[in-house]
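Undergrad: Predicted model and sequence follow; I will ask about them next.
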Amino acid sequence: MGSVVGFPVPRIDYGMLLVLFASVSLFAKAAQMDGRSPLVWGGLSLGSWIAVTQFAIGGLAGALISQVALFVGLTAAAIVRDRKERQGSEQARADPGSPAADPAWSSSGRGEFGLERPQDPACRPARAESPRTPSLSIGDA
């Protein structure tokens, strides 16, 4: 450990940083593929990494264990979410007049924080096109 004006400067383990960036980017890509926020999943990965390396077990082994535990937890949450959505769709088929039959009430059409997530590009609202003024070129006169 060196020092800069009396402050200890820790040595940087570039292997740990490489594994950290790889795990954060993998979780961000997985979140994007799952239709979730990459910032949230990447933040969870980074937060668990920092918590384990700084405050708990420490070292590369502990950090990798935290990433595996985060993966298992996110997978379990996705399984529970899919089961709830499946039960909701079965209930909607059984009772078409129930709120579960209305897509506005189902959780499957919503992203994180309750924001609507477009399922199909054809369902997106049309953009208001800006009025274009005809341009004259030199050859048009």
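TA: Structure's in. What do you need?

Undergrad: rest of the way, CA atoms for contacts and neighbours
TA: OK.

Undergrad: List the buried residues for the single longest helix found in the chain?
TA: When the chain is parsed with DSSP state H, its longest helix is helix 59-94. Neighbour counts over helix 59-94 (16 or more other Cα atoms under 10 Å) mark Leu60, Ala63, Leu64, Ser66, Gln67, Leu70, Glu85, Gly88, Ser89, Ala92 as buried.

Undergrad: for the nearest residue to the third one once chain neighbours are set aside, what are its contacts?
TA: I take that to be Leu64. Once flanking residues are discounted, Leu64 sits nearest to Trp49: 8.0 Å by Cα to Cα, 6 or more residues apart in numbering. If you count contacts by Cα atoms under 8 Å, 6 or more residues apart in numbering, Trp49 has them with Leu20, Ala63, Leu64, Ser66, Gln67.

Undergrad: Now do Trp49, the pLDDT please.
TA: As predicted, Trp49 sits at a pLDDT of 89.

Undergrad: Widest-spaced pair of the contacts of Trp49?
TA: Across the contacts of Trp49, the longest distance by Cα to Cα is 11.2 Å; it joins Leu20 and Ser66.

Undergrad: rewinding a little: ok, the contacts of Trp49 vs Ala31, which is closest?
TA: Using Cα to Cα, the contacts of Trp49 come closest to Ala31 at Gln67, 14.3 Å.
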